[in-house]
Structure formats: C-alpha cells, structure tokens
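Participant: Dropping a prediction and its sequence here:
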Amino acid sequence: TKNTVYIIEFKMNSVNSALNQIKNKKYFEPYLNTGKNIVCAGVAFDKEKRNISEYKALNLDELLSSEIN
C-alpha cells in the first residue's frame, strides 16, 4: 500500500517456519530505506483440510527482536 509493505510467506502447516524464512533470508532488505512500515506475515496451509490453518503477522521490529520456534 501507500504506507506499508507486506511480505507474505506461505508454508504447509507451519507459520513459524514461514516467519523464520522471511527473517533468515532477509526478504525485507529491499524495503528498509523506503520509509514505509514493513509487515511480515506467515501463512500456514493445512494439507488435509486444503485451507489456511493459521496465520501470524508481525511488524519488522517485532520479527527481528523475537525468537520464533
């Protein structure tokens, strides 16, 4: 959007794995100097239900300062 960048990673059955990938691969780096708020979201799909089972969104500061297991 005009003021916010959304980085979304999708994984099978693991929100934390998706957020760790965003953090470890530094998908946010190209947007650091834009002055925009950066929101990182992990989305987990349930293979059996064939639908979204969980999601979690964190501001970049929260993602970088947290331990995600």
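Facilitator: Structure's in. What do you need?
Participant: Beta-bridge partners for residue 7, please?
Facilitator: Note on residue 7: beta-bridge partners by DSSP bridges are residue 40.
Participant: Give me the contact list for the longest helix seen in the chain.
Facilitator: Identified as the longest helix of the chain according to DSSP state H is helix 15-24. By Cβ atoms under 8 Å, 6 or more residues apart in numbering, the residues outside helix 15-24 that reach it are 7, 9-11, 27-28, 40-44, 54-56, 58, 63-64, 68-69. From N, CA and C alone the C-beta is placed, and that goes for glycine too.
Participant: how about a cut-off of 10 Å?
Facilitator: 7-12, 14, 27-28, 38, 40-45, 53-58, 60, 62-64, 66-69 (Cβ atoms under 10 Å, 6 or more residues apart in numbering).
Participant: three-state assignment of the closest residue in space to residue 14 that isn't next to it in sequence?
Facilitator: Spatial nearest neighbour of residue 14, chain neighbours left out: residue 44 (5.5 Å); criterion: Cβ to Cβ, 6 or more residues apart in numbering. Three-state assignment for residue 44 (DSSP: H, G, I helix; E, B strand; the rest coil): strand.
Participant: so residue 44 bridges to which residues?
Facilitator: residue 11, residue 54.
Participant: pretty sure it contacts residue 8?
Facilitator: No. Using Cβ atoms under 10 Å, residue 44 makes no contact with residue 8, being 11.8 Å away.
Participant: quick one, which of these two is more surrounded?
Facilitator: residue 44 (20 against 14; other Cβ atoms under 10 Å).
Participant: That one: what's it in contact with?
Facilitator: Counting by Cβ under 10 Å, 6+ apart, residue 44 touches 9-18, 52-56.
Participant: For the residues you listed, which entry has the maximal number of neighbours?
Facilitator: Busiest of the contacts of residue 44 [other Cβ under 10 Å] is residue 18, holding 24 neighbours.
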